[in-house]
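>>> let me see the structure of the following:
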Amino acid sequence: MVWSICPSATTLQTGLYRHCCWDADHTTSGNGPIRGREYSSDVVAKKYELTKECRYYQFLAYMTSALLAIHVLLPFISSSPAYISLLGYAGLAVEATLPLPQIFKNHNARSCKGFRLSVIVNWLAGDTMKMSYFFLSSELIPWPFRLCGIFQACCDCYLGYQFYLYGASPAPSRDIPMGTGMMEKPGGF
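Numbers count the residues shown, from 1 in each chain. The predicted structure is shown next:
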């Protein structure tokens, strides 16, 4: 069990190093990763996106550390059926809700720019195979698996609908077009 966590910890360390290497005070002071360089507002905006990623990687680091500590230091907890079930249900919930951030992003942007059709097609094909296994198998598949699979399939179908609705083109501009003004009309000021 401990050896299966080590590759994840290495990946986590790489993510923390790459995305959390400088703080907000260095974005415009000229003391960023490249000394003496002033940063534009685009770089500052990207920095705050990286800060969000940094918090995500820090959360993963804390969660991995806590799970490792439980497995190594508290084997009586890590071997209990209740703990194993809790981890399993938490994993099911996380997997079922994976499409939600993409759904919200597409909805807010009114666009699916950057989201590939091949991803949706493969997700829907995977959902079809998973649902056929869950409901047509002669084995007894627990209902939590079926419910999470149904929820994920519905999310993936909605992503397909969003792709159909918005397409992969950029979001339409919400600016008011500047037409001909009074100065350009005959008889204007």
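
>>> got the contact list for Gln152?
95-96, 98-99, 127 (C-beta atoms under 8 Å, 6 or more residues apart in numbering). The C-beta positions use only the backbone N, C-alpha and C, and glycine is treated the same way.

>>> which residues in the chain form helices?
Under the criterion DSSP state H, the chain carries helices at the ranges 2-19, 41-73, 75-78, 81-96, 100-109, 117-136, 143-166.

>>> dump those helices to a markdown table, plus mean pLDDT.
Converted to a markdown table, the helices of the chain look like this (pLDDT from 0 to 100):
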| stretch | mean pLDDT |
| --- | --- |
| helix 2-19 | 51 |
| helix 41-73 | 75 |
| helix 75-78 | 87 |
| helix 81-96 | 89 |
| helix 100-109 | 89 |
| helix 117-136 | 91 |
| helix 143-166 | 92 |
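
>>> pick the most deeply packed of these.
helix 143-166 (a mean of 17; mean count of other C-beta atoms under 10 Å).

>>> now that helix against helix 100-109, angle please.
Following axes from the mean of the first three to the mean of the last three C-alpha atoms, to 10 degrees, one obtains 20 degrees for the angle between helix 143-166 and helix 100-109.

>>> now do helix 143-166 against helix 81-96, angle only.
10 degrees.

>>> helix 143-166 to helix 117-136, inter-axis angle?
Using the same axes, to 10 degrees: helix 143-166 against helix 117-136 is 150 degrees.

>>> residues in contact with Asp156?
Asp156 touches 99, 120, 123-124, 127, counting by C-beta under 8 Å, 6+ apart.

>>> 10 Å - rerun?
For Asp156, the contacting residues are 98-99, 102-103, 119-120, 122-128, by C-beta atoms under 10 Å, 6 or more residues apart in numbering.

>>> how about Phe135?
Here Phe135 is in contact with 141, 146, 149-150 (C-beta under 10 Å, 6+ apart).

>>> switch the cut-off to 8 Å
By C-beta under 8 Å, 6+ apart, the neighbours of Phe135 are 141, 146.

>>> what about it, distance to Gly167?
33 Å (C-beta to C-beta, to the nearest Å).
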